[in-house]
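**Student:** Predicted model and sequence below, questions to follow.
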Amino acid sequence: MKPIEVKRSTVTLTPDPTHVLARPFSFMNDQRSCKIAARVMALTETEVHTLLEGVRADFGDRQLKIDEFLLRRFDEVSPCLLQVQRPSEERKLLLGGYFTHEYSLEAVALFNPSMVPHPDQSAVPPGSLRFILSLRATAEGHVSSISFRSGMLDADSNVTIDTPSRYSVEPVQVPNATFEKPLFERKLQELRLMGGFTREVLNGLADAFTMEDLGASIDRAEKQVPELQQETTKSIARETMMLARSNYEVQFPPASKVSERVLFPVTPAQSNGIEDARFVLFHNEDGTQTYYATYTAYDGRMILPQFLETCDFLRFKFTTLNGPAVENKGMAIFPRKIKALYAMLGRQDAENIYVMFSDDLHFWYTKQLILEPRFPWEFIQLGNCGSPIETEAGWLVICHGVGPMRTYCIGAFLLDRDDPTKVIGRLHEPLIAPNASERDGYVPNVVYSCGSLVHGRQLVVPYGVSDYATTFATMPLEQVLAAME
């Protein structure tokens, strides 16, 4: 068999420690926060002015609209002030500065990319494709977030990346975002939280309700609980609110650039990271399209597959996944329904690849084993490297395998288009193995991807290099398909 012609790109994305995000700087207890606030309140207005001008001089060119962020921080810590205290506008900003810090998003690594067509293809040269690249950015405390870049594939699938912005911005939570009561009730049932108390809470809600509505209904229901049951009820109430907070929507400013947008962990389940987002452009049955992504939420102890969706990369909806098949890492949605069902790949046992089907994106109950390690480069484990790509020959799945010395390589296999439980081909050798320049990094001897695409008749694979940087490889699709055994 003729070897596959793999062309490595000269484009490499490396971590940039100057890509910083303004974040809340919080303390262990309210007492300490109040002490700090009291010290700032004791300053003279002249001292406040001088200190604030220093903050603006040092950080004004590092943060977009820094005054707006500092005022928001002041609003969040203002309960520390005495009711009679009325700080000036400058003192409010300075107080906000004492409760803010900069976080260097990608100081450690920028890796594990997924690649999808950009929603805006206007003014693109003939034969070219504008794309969005999602990346896992890792920094202080090994906390991971999702960052983005945009770029272009030309007619020959050569990669160019748009110059990233100097700034980083977080989205704000969408006010009055609504929950669907039947879906929320089903999630409560999956978590075994349904009972008399939660039934009373749901009875007090409309079919579509907000977080505020839920909190008010919980307060009303708690007042009706007998004293002996209050401790148990409070625990159920906390878990109910935690479920709601894990299902949320956020919105970036419309004027923000793609490279400025950062999805940073905000929920308890994500507290130690949002890892390895696998984005895919999903084709709905009504002809519309939605971008979906699975990702791994990590709280420092437990990993949990979760889900997000967007139509424009400005507004994102985060939702929990439920069901006994939702476990471990590396789930990836197929880009369309198959026989009226959603389909998803997974690696529930940390070794083999499974396929799942469901009539609801949020709930996954059964799985079927489809692929086990067979070749030496994958003896330790297999896993997908993103969503399947539909071709005339079948579903092309880019995968990874782990071999001796925990070396990660990228390979591929092929599933039947009508019945993806059937493996109809796989590569005997890896497509991409770490070469001499890719072996060293935060985690050595690793090449890994979270989503590729086909442009023209070229397979374009973005991949992380030793959990540190990101680069690209292209190869003829025909050669990849012809090499399948």
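**Tutor:** Structure received. Numbering: from 1, shown residues only.
**Student:** And residue 305, how far from residue 333?
**Tutor:** Shown here: residue 305 relative to residue 333, a distance of 11 Å by CB to CB, to the nearest Å. For every residue, glycine as well, the C-beta is placed using N, CA and C.
**Student:** ditto for residue 65
**Tutor:** From residue 65 across to residue 333, the span is 36 Å (CB to CB).
**Student:** Pick out whichever of those two has more residues nearby.
**Tutor:** For residue 65 versus residue 333, the count of surrounding residues by other CB atoms under 10 Å is larger for residue 333: 22 against 13.
**Student:** Stretch 261-268: end-to-end distance?
**Tutor:** Distance between the two ends of stretch 261-268: 21 Å, counting by CA to CA, to the nearest Å.
**Student:** How is this structure partitioned into domains?
**Tutor:** The record's domain parsing of the chain by automatic domain parsing lists 7-16+105-171+252-482, 20-104, 179-245.
**Student:** Which stretch among these is buried most, on average?
**Tutor:** Compared across the domains of the chain, domain 7-16+105-171+252-482 shows the largest average neighbour count, a mean of 19 (mean count of other CB atoms under 10 Å).
**Student:** now that one: how far from the chain's centre is it?
**Tutor:** The gap between the average C-alpha position of domain 7-16+105-171+252-482 and the chain average comes to 11 Å, counting by CA atoms, centre = their mean, to the nearest Å.
**Student:** For it, what does the pLDDT average out to?
**Tutor:** Domain 7-16+105-171+252-482 shows a mean pLDDT of 96.
**Student:** Can you give me the end-to-end span of it?
**Tutor:** For domain 7-16+105-171+252-482, the first-to-last residue distance is 17 Å (CA to CA).
**Student:** which neighbours do residue 305 and residue 333 share?
**Tutor:** Overlap between the contact sets of residue 305 and residue 333, as judged by CB atoms under 8 Å, 6 or more residues apart in numbering, is given by residue 294.
**Student:** now the host helix or strand of residue 74, how far from the centre of its chain.
**Tutor:** Mapping residue 74 onto the secondary structure by DSSP states H and E places it in helix 66-77. Using CA atoms, centre = their mean, the mean C-alpha position of helix 66-77 is found 26 Å from that of the whole chain.
**Student:** Surely residue 102 touches residue 19?
**Tutor:** No. Shown here, residue 102 and residue 19 do not form a contact pair, counting by CB atoms under 8 Å, at 10.4 Å.
**Student:** From residue 378, how far out is residue 411?
**Tutor:** For residue 411, the distance to residue 378 - CB to CB - is 7 Å.
**Student:** can I assume residue 361 sits in a strand?
**Tutor:** No. Judged by DSSP: H, G, I helix; E, B strand; the rest coil, residue 361 forms no part of a strand; its state is coil.
**Student:** contacting residues around the closest residue to residue 254 other than its chain neighbours?
**Tutor:** Sequence neighbours aside, residue 314 is the residue nearest to residue 254 in space, at 6.3 Å (criterion: CB to CB, 6 or more residues apart in numbering). Residues touching residue 314, when contacts are defined by CB under 8 Å, 6+ apart, comprise 251-252, 254, 256, 261.
**Student:** what does residue 311 give?
**Tutor:** Applying CB under 8 Å, 6+ apart to residue 311 gives the contacts 119, 289-291.
**Student:** from these, which two are the most distant?
**Tutor:** Using CB to CB, the pair of those lying farthest apart is 119 and 290, separated by 10.3 Å.
**Student:** Extract the CA atoms of stretch 245-257 and return them as PDB.
**Tutor:** Backbone C-alpha positions of stretch 245-257 (Å, rounded to 0.1, in the frame of the first residue of the first chain) are rendered in PDB as follows:
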ATOM      1  CA  ARG A 245     -26.500  26.700  37.700                       C
ATOM      2  CA  SER A 246     -24.900  23.900  35.600                       C
ATOM      3  CA  ASN A 247     -27.400  24.600  32.800                       C
ATOM      4  CA  TYR A 248     -26.800  28.200  31.800                       C
ATOM      5  CA  GLU A 249     -26.400  30.600  28.900                       C
ATOM      6  CA  VAL A 250     -23.700  33.200  28.300                       C
ATOM      7  CA  GLN A 251     -23.300  36.000  25.800                       C
ATOM      8  CA  PHE A 252     -20.200  37.700  24.400                       C
ATOM      9  CA  PRO A 253     -20.300  41.300  23.300                       C
ATOM     10  CA  PRO A 254     -21.200  41.300  19.600                       C
ATOM     11  CA  ALA A 255     -18.200  43.600  18.800                       C
ATOM     12  CA  SER A 256     -15.700  41.100  20.400                       C
ATOM     13  CA  LYS A 257     -13.300  39.400  18.200                       C
END
